[in-house]
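> dropping a prediction and its sequence here:
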Amino acid sequence: MVRIGGGIDGRTWNTPEEWLEIIKEMQYTAVVCPIDHTADADTRAAYKRIMAENDLVLGEVGAWVNPLHPDDTVRKKNIAYCQKQLALAEDMEANCCVNIVGCPGEIWDGAYAENYSADTYALIVDSIREIIDGVDPGHTFYTAEPMPWMVPDSPESYLKLLKDVDRERFAVHLDYTNMISDPRRYLHSSDFIRECFRLLGPHIKSIHAKDVIMESGLPCVIREVMPGRGSIDFTLVLRLAGQLGDRMTVYSEHLQSWQEYRESTGFLRKKLAETL
């Protein structure tokens, strides 16, 4: 069965056991890594044991920095950080380590015209190869979350990136919502989601489940909202996710509090039940 998880924003813990109590309260079966690469071997082992004993799937280790930073010193530091987080994902046996491809600007996730240049694309390919080759993982995968204003911004561009990077351990983190960036995709979102799963399904290692709503007026504004408050068919999303195996992780994200996450993931569990 699909594993559902989300954030625990606003909650604190001091031990793996305390963290587990929060996870149980939230009724998560998928978790985001509660530590970073600085955690020692004993701490890593304690969290791995807790996850294994409680049938929790670690879907994601985040590496949220810019591998394309225009300052070469910063870029190298960020590449090294991604490698350390990927190594953590390997050690923790996570489904994937996830980042965005980055951009050639000061804002790590910024919308720049240069995001679509041939030189930037070549740097994206080289940086992903450098991150993966520096770790050579055998269990986990490095993945790039799609974004509206940088590649990959469509399932087709993700397939091209997979081919061009040409690394077995480069895979897909599916965030279909980030690619619903125009009215056509919004109005035909179910068809678009089906296409994402059709083209990328064998490569998907984790999924973000978010909702969207298009506001009236000009120009077009499509904004993210809590699952259940927009137009996405989550029964469809979770049915398709369920076809990818019983360790597929689906996460709610970008909410403001653990209470909102509890509401959101409760909604997702209800929709998941409709697929059974």
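Arrived safely, thanks for sending. Residues are numbered from 1 along each chain as shown.
> which residues touch the nearest residue to R239 once chain neighbours are set aside?
The spatial neighbour of R239 that comes closest, neighbours along the chain excluded (Cβ to Cβ, 6 or more residues apart in numbering), is T275 at 4.3 Å. From N, CA and C alone the C-beta is placed, and that goes for glycine too. In this structure, T275 makes contact with 235, 238-239, 242, judged by Cβ atoms under 8 Å, 6 or more residues apart in numbering.
> mind redoing it with 10 Å?
T275 is in contact with 1-2, 234-243, counting by Cβ atoms under 10 Å, 6 or more residues apart in numbering.
> how about W108?
64-69, 78, 99-100, 102.
> could you say what helices and strands the strand or helix carrying W19 packs with?
Counting by DSSP states H and E, the element that carries W19 is helix 16-26. Packing partners of helix 16-26 (3 or more Cβ pairs under 10 Å, 6 or more residues apart in numbering; DSSP states H and E): strand 3-5, strand 30-32, helix 41-53, helix 258-273.
> got those as CSV, with mean neighbour count and distance to E130 columns?
Shown next, in CSV, are the helices and strands packed on helix 16-26 (neighbours: other Cβ atoms under 10 Å; distance: least, Cβ to Cβ, whole Å):
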stretch, mean neighbour count, distance to E130
strand 3-5, 26, 30
strand 30-32, 23, 25
helix 41-53, 14, 24
helix 258-273, 18, 34
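> the ones you listed: which one's closest to L161?
strand 30-32 (23.8 Å; Cβ to Cβ).
> for C96, phi and psi?
phi -160, psi 160 (degrees, to the nearest 10).
> could you tell me how many residues sit around it?
Look at C96: counted by other Cβ atoms under 10 Å, it has 25 neighbours.
> ok, now the one 5 residues further on?
Applying other Cβ under 10 Å, we find 24 other residues in the vicinity of V101.
> helix/strand/coil for it?
What DSSP: H, G, I helix; E, B strand; the rest coil gives for V101 is coil.
> wait, isn't it in contact with P67?
Yes - in this structure, V101 is within contact of P67 by Cβ atoms under 10 Å, at 7.2 Å.
> what touches both of those two?
Common neighbours of V101 and P67 (Cβ under 10 Å, 6+ apart) are 123-124, 127-128, 144.
> export those to CSV and append columns for secondary structure and distance to G7.
Formatted as CSV, these follow (DSSP: H, G, I helix; E, B strand; the rest coil; distance: Cβ to Cβ, whole Å):
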residue, secondary structure, distance to G7
L123, helix, 31
I124, helix, 28
S127, helix, 27
I128, helix, 26
A144, strand, 21
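> pLDDT added to those, as CSV?
Below are those laid out as CSV (pLDDT from 0 to 100):
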residue, pLDDT
L123, 98
I124, 98
S127, 98
I128, 98
A144, 98
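> looking at those residues, which two lie furthest apart in space?
L123 and A144 (13.2 Å).
> neighbour count winner among these two?
Neighbours per residue (other Cβ under 10 Å) separate L123 from A144, with A144 holding more: 25 against 18.
> contacting residues for the residue lying closest to the more buried one once chain neighbours are set aside?
Of all residues not flanking A144 in the chain, V101 sits nearest, at 4.9 Å (Cβ to Cβ, 6+ apart). Applying Cβ under 10 Å, 6+ apart to V101 gives the contacts 66-68, 109, 115, 120-121, 123-125, 127-128, 144-147, 150-152, 161.
> can you flag the buried ones in these?
Applying 16 or more other Cβ atoms under 10 Å to the contacts of V101, the neighbour count classes 66-68, 115, 120-121, 123-125, 127-128, 144-147, 150-152, 161 as buried.
> let's see which of those end up in strands.
Among the buried ones among the contacts of V101, DSSP state E puts A144 in strands.
> coming back round to it: and the shared contacts of V101 and P67, which is closest to S264?
Closest to S264, out of all of those and judged by Cβ to Cβ, is A144, at 24.2 Å.
> which residues does that closest one form a beta bridge with?
Counting by DSSP bridges, A144 is bridged to N99, V172.
> that one and D109 touch, don't they?
No - the pair A144 / D109 is not scored as a contact, 12.0 Å apart, by Cβ under 10 Å.
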